[in-house]
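>>> 3D, please:
(one chain, ligands or ions: 1)
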Amino acid sequence: MSNTVYVLNGPNLNLLGLREPEIYGHTTLDEIAGMLEDQAREHGLTIDMRQTNHEGMLVDWLHEAQAEGARAVLLNAAAYTHTSIALLDAIKAITTPVVEVHLSNPKTREEFRHISFIGMASAKTVEGHGPESYRIALEAVTSGEV
Ligand code: DQA
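Below is the predicted model of the structure:
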């Protein structure tokens with residue numbers, strides 16, 4: 001197993017910091033990456049932070065995480081969380097533990113966000129803590145919970 005934790009981010013998260021700040025806050029994805037890198041380093045781990053607006057790319061990256069022997073995947077699939085059986089199947093197809101991450105708490109928002117296909121196969125879900133959700137998710141990995 002490698003020391004790398006993949007942090008995969010889905011559609012529109014490239015606009016984090018600008019996008020609906022009243023929901024998602026002002027922190028950018030680059031800032032979250034920096035925070036996670038510091039946190040990971042303390043535990044001898046490396047972060048591989050990526051973002052895509054394309055569903056199939058997330059599927060490919062999940063397969064890659066397995067092939068590369070990643071320690072774990074933190075996955076904020078954004079809107080694909082609520083629609084993507086392909087991502088559910090990809091998580092089920094790999095043995096790499098996946099932690100579902102959300103900045104907001106989708107369960108307290110519109111009804112169409114209440115279903116999570118990602119959550120059906122993830123080792124853990126962390127949601128509703130803003131950028132801290134990523135930190136808590138990585139902590140679940142470094143503590144050995146996941
Ligand atoms: C999100 C929640 C999703 O419902 C939404 O589509 C996103 C971001 C979050 O991090 O809070 O794009 O995953």
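
>>> then the helix or strand of the chain with the lowest mean pLDDT to CSV, C-alphas only?
Using mean pLDDT, DSSP states H and E, the weakest-scoring helix or strand in the chain turns out to be helix 21-24, at a mean of 94. Provided in CSV are the C-alpha atoms of helix 21-24 (Å, rounded to 0.1, in the frame of the first residue of the first chain):
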residue,chain,number,x,y,z
PRO,A,21,-20.4,31.3,-0.6
GLU,A,22,-23.5,31.5,1.7
ILE,A,23,-23.6,27.7,1.4
TYR,A,24,-20.0,26.7,0.7
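
>>> List the buried residues in it.
Tyr24 (16 or more other C-beta atoms under 10 Å). All C-beta spots, glycine's among them, are computed from the backbone N, C-alpha and C.

>>> Ok, stretch 22-35 next?
Tyr24, Gly25, Thr27, Thr28, Leu29, Ile32, Ala33, Met35.

>>> List the contacts of it.
7, 9, 13-14, 16-17, 47, 49, 51, 103-104, 130-131, 134-135 (C-beta atoms under 8 Å, 6 or more residues apart in numbering).

>>> Stretch 8-20 near the ligand anywhere?
Yes - using C-beta under 6 Å from any ligand atom, stretch 8-20 reaches the ligand at Asn12.

>>> go on, stretch 53-63?
No - figure legend: stretch 53-63 not in contact with the ligand (C-beta under 6 Å from any ligand atom); closest approach 10.6 Å.
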